[in-house]
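Asks: Turn this into a structure:
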Amino acid sequence: MYEEIKPQFSLELEGFKFLGRGPKATGETMGWSRDAKFYYRCVKCGDSMNAAHNKYWSCSCKAVNLDKDMGRFGSWHGDINILVYEKID
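Replies: Here you go, the predicted structure:
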C-alpha cells in the first residue's frame, strides 16, 4: 500500500475542478478514464496531462508515466498520488 503524499503546491488550478485522487475520482470502476475533460496531475512536481493524451508522456520528476504502446499509466508513488481534475467549460 502506498502512502498518500501531500503536494507542496495548492490543489487549486484555474479553470479546473479538483475531483480527488486515483482512477475512481473520474467515476470509472476499472482503470483510468481517457475522456478529454479529465486531467491527471503528479502530486510531486505538479505537471499535468490530458486524459486523452495519446503519446508517451512523463512528468518532469519522472514519477507519472504513460506508455501508450503497452497500455500502461501510473505513478511510481501509486495511483493514490495522481491528482484528478475536470476542465471547467
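Asks: unless I'm mixing things up, Tyr85 is touching Lys17, no?
Replies: Yes - under the criterion of Cβ atoms under 8 Å, Tyr85 makes contact with Lys17 at 6.5 Å. Any C-beta I mention is one placed from the backbone N, CA and C, and that applies to glycine too.
Asks: between the two, which one's more packed in?
Replies: Between Tyr85 and Lys17, counted using other Cβ atoms under 10 Å, Tyr85 has the larger neighbour count: 22 against 11.
Asks: any idea which helix or strand carries that one?
Replies: strand 82-87 (DSSP states H and E).
Asks: tell me the mean pLDDT over that strand?
Replies: For strand 82-87, mean pLDDT is 98.
Asks: what's the answer for stretch 46-58, then?
Replies: Mean pLDDT, stretch 46-58: 95.
Asks: from what I can see Asn54 touches Lys68, true?
Replies: Yes - Asn54 is within contact range of Lys68, at 6.0 Å (criterion: Cβ under 8 Å).
Asks: Looking at those two, which is more packed in?
Replies: A count of neighbours by other Cβ under 10 Å puts Lys68 above the other of Asn54 and Lys68, at 12 against 9.
Asks: Contacts only, for that one.
Replies: 54-56 (Cβ atoms under 8 Å, 6 or more residues apart in numbering).
Asks: likewise Tyr85?
Replies: Shown in contact with Tyr85 (Cβ under 8 Å, 6+ apart): 13, 16-19, 38-41, 48.
Asks: Apply 7 Å and report the result again.
Replies: By Cβ atoms under 7 Å, 6 or more residues apart in numbering, the residues touching Tyr85 are 13, 16-19, 38-39, 41.
Asks: and if you look at Ser60?
Replies: Taking Cβ under 7 Å, 6+ apart, we find Ser60 in contact with 45, 47.
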